[in-house]
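Engineer: Here you go, sequence then predicted model.
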Amino acid sequence: MFNLSFVIVLISLILSNVLSFQTIRINNNKINGLSMIFGGLKAKTTSNKISIKVDGKVIESSEKTVNLRRILIDNNIDVYPLKAKVLGNCGGAGICGTCAVKVIEGKENFNDPSKNELKTLSEKGKASDIRLSCCSRISGPISIKTK
């Protein structure tokens, strides 16, 4: 069987970890020792979900950052106007300006516009609340309008 001193040491190690106020992560959830003992105490969980409201539809992603054009196309949101479909577009290179979206909320959750994006937007005479979806990396909730 087990030596009594071994069992005492093992129990003391388990209790010291459980009773400590250190926070550990289990399946991306923060849990402290007290919540392990008293199941009623819920640990705060952090959600990294990105929520995109676009033209009355809501898209969610659990990734930390997403390319706006890619996630819109993957969710059957039409990014391009008819002219771009007929005459063509740059396919996400950021030079045609046809995938522009109007930012309604969440401007702070966009990456900073690149020089290329700023040049394209200025050449096309777009307003300051317009971003190219192909150049946009999203890291939090936003609300946009296409076309």
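Structural biologist: Here it is on my side, so go on. Just so you know, these numbers come straight off a predicted model, no measurement behind them. Numbers count the residues shown, from 1 in each chain.
Engineer: Residue 52 contacts residue 138, correct?
Structural biologist: Yes: counting by C-beta atoms under 8 Å, residue 138 is a contact partner of residue 52 at 6.8 Å. Backbone N, C-alpha and C define where each C-beta goes, glycine included.
Engineer: Overlap of the contact sets of those two?
Structural biologist: 68, 71 (C-beta atoms under 8 Å, 6 or more residues apart in numbering).
Engineer: I'd say residue 81 and residue 97 touch.
Structural biologist: No: contact criterion C-beta under 8 Å: residue 81 and residue 97 do not qualify, at 10.7 Å.
Engineer: Of these two, which one has the most company?
Structural biologist: For residue 81 versus residue 97, neighbours defined as other C-beta atoms under 10 Å are more numerous around residue 97 (21 against 14).
Engineer: Give me the pLDDT for the more buried one.
Structural biologist: Predicted confidence (pLDDT) for residue 97: 91.
Engineer: Neighbours of the spatially closest residue to it that is not a sequence neighbour, how many?
Structural biologist: Closest residue in space to residue 97, ignoring its immediate chain neighbours: residue 124 at 4.2 Å, by C-beta to C-beta, 6 or more residues apart in numbering. By the other C-beta under 10 Å criterion, the neighbourhood of residue 124 contains 13 residues.
Engineer: separation between residue 124 and residue 61?
Structural biologist: As judged by C-beta to C-beta, to the nearest Å, residue 124 and residue 61 stand 28 Å apart.
Engineer: swap in residue 144?
Structural biologist: If you go by C-beta to C-beta, the gap between residue 144 and residue 61 works out to 14 Å.
Engineer: Next: residue 87.
Structural biologist: Counting by C-beta to C-beta, the gap from residue 87 to residue 61 is 31 Å.
Engineer: Look at the two and report which has more neighbours.
Structural biologist: Each of residue 87 and residue 61 has its neighbours counted (other C-beta under 10 Å); residue 61 has more, 16 against 9.
Engineer: so the more buried one bridges to which residues?
Structural biologist: residue 50 (DSSP bridges).
Engineer: List the residues that contact it.
Structural biologist: 49, 50, 52, 71.
Engineer: Quick one: residues contacting the third one.
Structural biologist: Spelled out, it's residue 52. 58, 59, 60, 61, 68, 71, 72, 138, 141, 142, 143, 144.
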